[in-house]
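[1] Provided below are the primary sequence and the corresponding predicted coordinates.
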Amino acid sequence: MFLSNSFQQISFFDKVHNMPKYLQNMLYNSWAHIFQEIIFPEINENRFEVLYSDKPSRPNSPVNVIIGALFLKEIFQLTDEQLLGSIFFDDRFQYALRLTSEERPPVSFNTFTNFRNRVYAYYNLTGIDLIQQE
């Protein structure tokens with residue numbers, strides 16, 4: 001079942017708000033701020049709705065987080081394991097993907113593999129590369 005994640009609520013207790021000002025300034029002047037302000041909001045999750053069943057089931061992991069993470073993987077030339085570690089342990093990656101208010105990032109190692117398998121199966125069926133379009 002596809003569920004859009006177009007809005008992510010930032011908590012009052014968000015870790016960025018609780019950082020010392022000099023660390024906030026470092027974050028706001030980093031690549032992560034540009035990514036989360038300009039690139040992340042432009043990810044069109046609805047394009048990927050075709051990959052999911054329309055029957056009631058467990059909702060998908062947020063597609064904008066998956067696509068954003070895959071962009072960062074390519075930019076920084078990371079393996080899936082390195083990407084997952086960066087998402088869980090690096091505040092810049094969490095900030096770029098708007099996950100700093102999350103108790104736990106909504107992705108796992110299998111999230112990326114399963115998503116790529118869905119995209120690949122859709123490409124084989126239709127000839128449409130959804131990631132390339134994005």
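    Nice, I can see it.
[2] distance between the longest helix seen in the chain and the chain's centre?
    Assignment by DSSP state H gives helix 109-126 as the longest helix of the chain. Counting by CA atoms, centre = their mean, to the nearest Å, helix 109-126 is centred 16 Å from the centre of its parent chain.
[3] ranges for the helices of the protein?
    21-28, 31-34, 63-76, 80-89, 91-96, 109-126, 130-133.
[4] make a markdown table from the ones you listed and add mean neighbour count and mean pLDDT to it.
    (Each C-beta comes from the backbone N, C-alpha and C, glycine too.) As requested, the helices of the chain are exported to a markdown table (neighbours: other CB atoms under 10 Å; pLDDT from 0 to 100):
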| stretch | mean neighbour count | mean pLDDT |
| --- | --- | --- |
| helix 21-28 | 12 | 95 |
| helix 31-34 | 16 | 96 |
| helix 63-76 | 20 | 96 |
| helix 80-89 | 16 | 97 |
| helix 91-96 | 21 | 95 |
| helix 109-126 | 14 | 95 |
| helix 130-133 | 13 | 93 |
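[5] and these as CSV, adding distance to residue 52?
    Shown next, in CSV, are the helices of the chain (distance: least, CB to CB, whole Å):
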stretch, distance to residue 52
helix 21-28, 33
helix 31-34, 28
helix 63-76, 9
helix 80-89, 21
helix 91-96, 24
helix 109-126, 8
helix 130-133, 12
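[6] out of those helices, nearest to residue 50?
    If you check each of the helices of the chain against residue 50 by CB to CB, helix 109-126 wins as the nearest, at 6.4 Å.
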